[in-house]
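**Q** curious how this folds, go ahead:
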Amino acid sequence: MFLKNRKYLLLLIFLGSSGWGFFAHRKINRLAVFTLPIEMISFYKKNIQFIEEGAVNPDRRRYIMPEEAPRHYIDLEDYGDSTASHLPRYWRDAVAKFGEDSLKAHGVLPWNIYRVYLQLKDAFAVRDPHQILRLSTDLGHYIADAHVPLHTSKNYDGQRTGQIGIHAFWESRLPELFSQDFDFYTGKANYISNVQVTAWQLVFKTNQSLDSVLRFEKQLSEKWGDKKFNFETQGRQTIKVFSAGYSKAYHQLLSGMVERQMRASVLMTGSIWYTAWVDAGQPDLKSLIGYKPSAEEIKQREEELKKWRESRKVTARPHEVEN
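**A** As a prediction, the model looks like this:
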């Protein structure tokens, strides 16, 4: 997902996709379904094709919705070395400190994960199967983005270090070449006590791998030179790509980083889906299989939810109020 509203210099094209790549996003969403508890998995497995195929919808929206792009990344270095200590974790506090336009200019990924989690929780609460599926699918995409080191930096495609093309190389080319050998066993989804704090911990942890992503490719490139590229025929097109040999050498230098990040994406996606369901009161999802509530039913449930949320604000502490 090259998500930023910036001029992107295309050196390489991989299968007409971007971001983790359509292949990886779909695989992450699909595998996340199998982390869910028995109370949830029947509903999700029944709709697994929608969840898998819709995993790329947020990327598609970038071309028609200007507000979509900042939801996929955050440029942490724009806030200085003390980001972890002074950047507000909650959107309302961050807007008060920096202004909404400034925040969006640098990306809003962790805040966006929390926003969609809240929307998913509400969809569970009103038992709206369409919204549950749509929001689960979108949330899986954003969570996966947060596991990509280049989504945490303004040097998102190595354009500042002479490494243009590294974004698609890391998150599209490597998974497509090597994921058949990855171990995707993650265990079951876990309940997360604070999704917003966890989203921030996630992007900071991901950002710690950024130096290795850039440095290893730089070192390898100096040795390989132009030999790192070759041409492949895809459909009717012959395109320039990183060679299989160069890709394998980079993959080995990364010591399984792409595999770890994909596996972590799967578990975190399932865990935040599960958390939203628990926080919504654990509604019976089996009853929603094949069920299409009327517009009047959904409207009534939304009004009930709105009244509950308004009553909650009276006693909630500031950081507990939903943004």
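**Q** please enumerate the strands of the stretch 151-300 of the chain.
**A** For the stretch 151-300 of the chain, the strands defined by DSSP state E, counting those that start in this stretch cover 229-234, 237-242.
**Q** so how far is the first one from its chain's centroid?
**A** The chain centroid and the centroid of strand 229-234 are separated by 29 Å under C-alpha atoms, centre = their mean, to the nearest Å.
**Q** mind giving me the packing neighbours of it?
**A** Strand 229-234 sits against strand 237-242, with contacts defined as 3 or more C-beta pairs under 8 Å, 6 or more residues apart in numbering; DSSP states H and E. Where you see a C-beta, it was placed from the backbone N, CA and C, and this is true even at glycine.
**Q** what average pLDDT does the strand it packs on get?
**A** The average of the pLDDT scores along strand 237-242 is 88.
**Q** tell me how far Gly270 lies from Asn230.
**A** In this view, Gly270 and Asn230 are 37 Å apart by C-beta to C-beta, to the nearest Å.
**Q** got it, and Lys45?
**A** 40 Å.
**Q** list the buried residues for the longest helix seen in the chain?
**A** Counting residues, the longest helix found in the chain (DSSP state H) is helix 257-279. The neighbour-count check on helix 257-279 (16 or more other C-beta atoms under 10 Å) flags 257-259, 261-279 as buried.
**Q** helices and strands around it, which ones?
**A** Using 3+ C-beta pairs under 8 Å, 6+ apart: helix 257-279 touches helix 22-33, helix 38-46, helix 109-125, helix 129-145, helix 174-178, helix 195-207.
**Q** now it and helix 109-125, what's the angle there?
**A** 40 degrees (axes from the mean of the first three to the mean of the last three C-alpha atoms, to 10 degrees).
**Q** what's the average pLDDT for helix 257-279?
**A** On average, helix 257-279 scores 98.
**Q** next one: it to chain centre, how far?
**A** With C-alpha atoms, centre = their mean, you get 10 Å for helix 257-279.
**Q** next, the angle from it to helix 129-145.
**A** Calculated by the same axes, to 10 degrees, helix 257-279 forms an angle of 150 degrees with helix 129-145.
**Q** quick one: helix 257-279 to helix 38-46, angle?
**A** With the same axes, to 10 degrees applied, the angle from helix 257-279 to helix 38-46 works out at 120 degrees.
**Q** now do helix 257-279 against helix 22-33, angle only.
**A** Relative orientation of helix 257-279 versus helix 22-33 (the same axes, to 10 degrees): 40 degrees.
**Q** put the alpha carbons of helix 257-279 into PDB.
**A** Written as PDB, here are the backbone C-alpha positions of helix 257-279 (Å, rounded to 0.1, in the frame of the first residue of the first chain):
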ATOM      1  CA  MET A 257      11.400 -10.700   9.600                       C
ATOM      2  CA  VAL A 258       8.700 -10.800   7.000                       C
ATOM      3  CA  GLU A 259       7.400 -14.200   8.300                       C
ATOM      4  CA  ARG A 260       7.300 -12.900  11.800                       C
ATOM      5  CA  GLN A 261       5.500  -9.700  10.800                       C
ATOM      6  CA  MET A 262       2.900 -11.600   8.800                       C
ATOM      7  CA  ARG A 263       2.300 -14.100  11.600                       C
ATOM      8  CA  ALA A 264       2.000 -11.300  14.100                       C
ATOM      9  CA  SER A 265      -0.500  -9.500  11.800                       C
ATOM     10  CA  VAL A 266      -2.700 -12.600  11.800                       C
ATOM     11  CA  LEU A 267      -2.800 -13.000  15.600                       C
ATOM     12  CA  MET A 268      -3.300  -9.200  16.200                       C
ATOM     13  CA  THR A 269      -6.100  -9.100  13.700                       C
ATOM     14  CA  GLY A 270      -7.900 -12.000  15.300                       C
ATOM     15  CA  SER A 271      -7.300 -10.600  18.800                       C
ATOM     16  CA  ILE A 272      -8.800  -7.200  18.000                       C
ATOM     17  CA  TRP A 273     -11.800  -8.800  16.300                       C
ATOM     18  CA  TYR A 274     -12.300 -10.900  19.400                       C
ATOM     19  CA  THR A 275     -11.800  -8.000  21.700                       C
ATOM     20  CA  ALA A 276     -14.400  -5.900  19.900                       C
ATOM     21  CA  TRP A 277     -16.900  -8.800  20.200                       C
ATOM     22  CA  VAL A 278     -16.200  -9.300  23.900                       C
ATOM     23  CA  ASP A 279     -16.500  -5.500  24.600                       C
END
